[in-house]
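*Asks:* Sharing a model that was predicted from the sequence below.
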Amino acid sequence: MVFRLLLLLGLIALGLLTYFILQRSATRITRTPVWILWLVVMAPLFWGVWLLSYSQNQSLPPAVLIGPFVVCFFLYWVLILLGRTGTAEKPVPPSDAASESGLPPNASQPSQAPPLRPINQAEETQLRNCFPANIYALQQLEFRPQAVLCLGQLRSNPEEAYRIVEKNIQAQFGDRFLVLFRENLNGKPFFAMVPNPYRASDSVPEVEPLARPGLATGLLLITLFTTAVVGAQMAGVSRYALQSDSSLLLKGLPYALALMAVLGVHEFGHYFTARFYKLRTTLPYFIPVPFFLGTFGAFIQIRSPVPHRKALFDVGIAGPAAGFVVTLPLLLWGLANSAVVDLPAKSGLLTVDALNPSFSLLLTLLSKLMLGGALTAGKAIHLHPVAVAGYVGLVVTAYNLMPVGQLDGGHIVHAMFGQRTSLLIGQMTRFLMLALSLIRPELMFWALLLFLMPITDEPALNDVSELDNQRDFWGLMSLALLVAIVLPAPEMLIKWLNL
């Protein structure tokens with residue numbers, strides 16, 4: 001009875017959190033009612049809970065659980081598109097500079113009659129004086145209802161130019177505008193001034209309460225419970241035994257604590273780096289689920305613009321780097337305490353009781369390092385619960401390093417190569433993952449997720465200044481880590497290691 005009550009509380013907390021996220025994000029891109037989107041997102045969760053709670057068959061086919069997730073993801077995307085295309089107004093054709101600028105749609109394509117330009121004639125003179133001729137030779141101003149495009153010739157280092165121009169504009173206009181520094185499709189830098197949505201006013205407090213420690217702590221405790229339940233089941237405790245003796249949850253703590261350490265350190269890596277750059281961000285929120293791994297991970301939300309590409313890179317790479325530092329020792333210890341079993345006829349990515357490590361180059365090397373001669377051809381690994389947590393951490397690291405959209409890897413390649421090149425890399429990654437899923441069908445769901453998420457990444461305020469050599473090096477190392485995790489071990493290496 002207590003177990004079912006806690007399960008219900010977990011679902012309620014997850015439902016409220018999901019509704020909150022959809023209300024904050026989906027309403028910006030579609031007019032489809034939030035409650036409909038919420039039902040579509042939550043439907044597969046309710047389906048999975050019902051099956052696992054009431055089904056008498058303890059070995060349900062994976063398709064029965066995963067199928068509704070795939071269907072609902074497609075349905076969610078269709079509803080988003082219908083809400084966007086069915087209600088969008090006829091766009092106003094932008095000028096060449098605006099269309100190449102990468103500005104927000106409301107800055108270059110207003111859907112209503114254009115109001116007065118953002119600055120008056122006297123302010124225009126002040127604005128022109130903000131551009132020293134030896135720094136950025138201003139040639140033309142183009143006015144939009146929500147932006148002022150400042151077109152000219154860059155004559156100094158981009159970082160120095162942005163610092164000086166932004167300082168001059170702030171001295172003249174205060175916090176009224178955000179100063180953007182972008183490149184058009186021809187690679188020519190230009191400045192833009194857009195209204196500052198984060199500006200303090202009498203009606204809007206300067207600092208919106210974002211921490212919500214009560215919500216973060218509640219989700220953490222619920223996730224600790226759900227992961228402990230899953231960990232206990234990995235240790236051989238049945239659901240029925242857990243319902244009759246709650247003390248058996250202690251057997252699930254090694255898995256729960258290890259997994260939450262991996263996920264928590266990952267998100268706190270983002271959090272503390274964002275705070276270092278004075279970005280407004282929420283605390284990490286865990287997502288509890290009463291089945292599968294016990295959680296769908298954790299996330300933070302950054303609520304202020306990223307100042308430059310160096311900050312974008314640092315925030316992006318901090319999470320995977322911190323998470324991997326914790327994942328590696330947990331995985332090594334877990335592998336050392338895992339058992340070697342006979343390789344079954346079928347062994348997939350989620351077969352943790354008989355895992356064939358050869359699908360991943362890095363996992364193959366680590367497994368052979370810790371298990372030595374016991375791991376030979378025709379053998380598999382029955383993962384210790386801590387090894388399962390480390391293995392999940394490896395998968396989470398690889399997924400987040402995918403150079404697509406707003407994933408950590410998308411931020412990294414955007415900061416390294418610029419927004420246009422990152423779009424090309426993201427599109428190539430999508431198709432490469434789709435091709436790899438034809439060899440490893442377990443990756444099909446992963447590949448579909450990459451196609452469902454937006455491929456664009458939000459630019460930094462100064463999106464022109466490039467990274468230094470040290471950051472470029474660590475960016476390449478992060479992509480090499482992704483390749484080592486995702487690509488299977490070559491046949492020559494498998495034979496050499498006698499696997």
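*Replies:* Here it is on my side, so go on.

*Asks:* When you work out contacts or count neighbours from here on, use the C-alpha atoms and nothing else.
*Replies:* Noted.

*Asks:* ends of stretch 461-475, how far apart?
*Replies:* End-to-end distance of stretch 461-475 (Cα to Cα, to the nearest Å): 21 Å.

*Asks:* Give me the contact list for it.
*Replies:* Residues from elsewhere that reach stretch 461-475 (Cα atoms under 8 Å, 6 or more residues apart in numbering): 158-159, 162, 178-183, 189, 305-310, 313, 317, 412-413, 415-418.

*Asks:* Would you list the buried entries among those?
*Replies:* Neighbour counting with 16 or more other Cα atoms under 10 Å marks 158, 162, 178-183, 189, 306-310, 313, 317, 412-413, 415-418 as buried within the contacts of stretch 461-475.

*Asks:* so of these, which ones are in strands?
*Replies:* Here DSSP state E is the test, and the buried ones among the contacts of stretch 461-475 give 178-183, 189 as lying in strands.

*Asks:* So what does the residue nearest to residue 289 when sequence neighbours are not counted have for phi and psi?
*Replies:* The shortest distance from residue 289 to any non-neighbouring residue, by Cα to Cα, 6 or more residues apart in numbering, is to residue 295 (4.9 Å). Dihedral pair for residue 295: phi -160, psi 150, per degrees, to the nearest 10.

*Asks:* Same check on residue 338?
*Replies:* Main-chain torsions, residue 338, degrees, to the nearest 10: phi -90, psi 160.

*Asks:* three-state assignment of residue 341?
*Replies:* For residue 341, the assignment made with DSSP: H, G, I helix; E, B strand; the rest coil gives strand.

*Asks:* Touching, it and residue 379? I think so.
*Replies:* Yes. The criterion here is Cα atoms under 8 Å, and residue 341 meets it with residue 379 at 5.7 Å.

*Asks:* ok, now which ones touch the spatially most central residue of the chain?
*Replies:* Closest to where the C-alpha atoms of the chain average out (Cα atoms, centre = their mean) is residue 407, at 3.8 Å. Going by Cα under 8 Å, 6+ apart, residue 407 touches 316, 400-401.

*Asks:* possible to save the ones in strands among the buried ones among the contacts of stretch 461-475 as JSON lines with pLDDT and distance to residue 278?
*Replies:* Shown next, in JSON lines, are these (pLDDT from 0 to 100; distance: Cα to Cα, whole Å):
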{"residue": "178", "pLDDT": "90", "distance to residue 278": "16"}
{"residue": "179", "pLDDT": "91", "distance to residue 278": "17"}
{"residue": "180", "pLDDT": "91", "distance to residue 278": "18"}
{"residue": "181", "pLDDT": "92", "distance to residue 278": "19"}
{"residue": "182", "pLDDT": "90", "distance to residue 278": "22"}
{"residue": "183", "pLDDT": "87", "distance to residue 278": "25"}
{"residue": "189", "pLDDT": "91", "distance to residue 278": "26"}
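
*Asks:* can you give me the strands for the stretch 251-400 of the chain?
*Replies:* 285-288, 295-299, 339-342, 379-382 (DSSP state E, counting those that start in this stretch).

*Asks:* TSV for the ones you listed, including mean pLDDT and distance to residue 463?
*Replies:* Listed next are the strands of the stretch 251-400 of the chain as TSV, based on pLDDT from 0 to 100; distance: least, Cα to Cα, whole Å:
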stretch	mean pLDDT	distance to residue 463
strand 285-288	87	29
strand 295-299	84	25
strand 339-342	88	50
strand 379-382	88	47
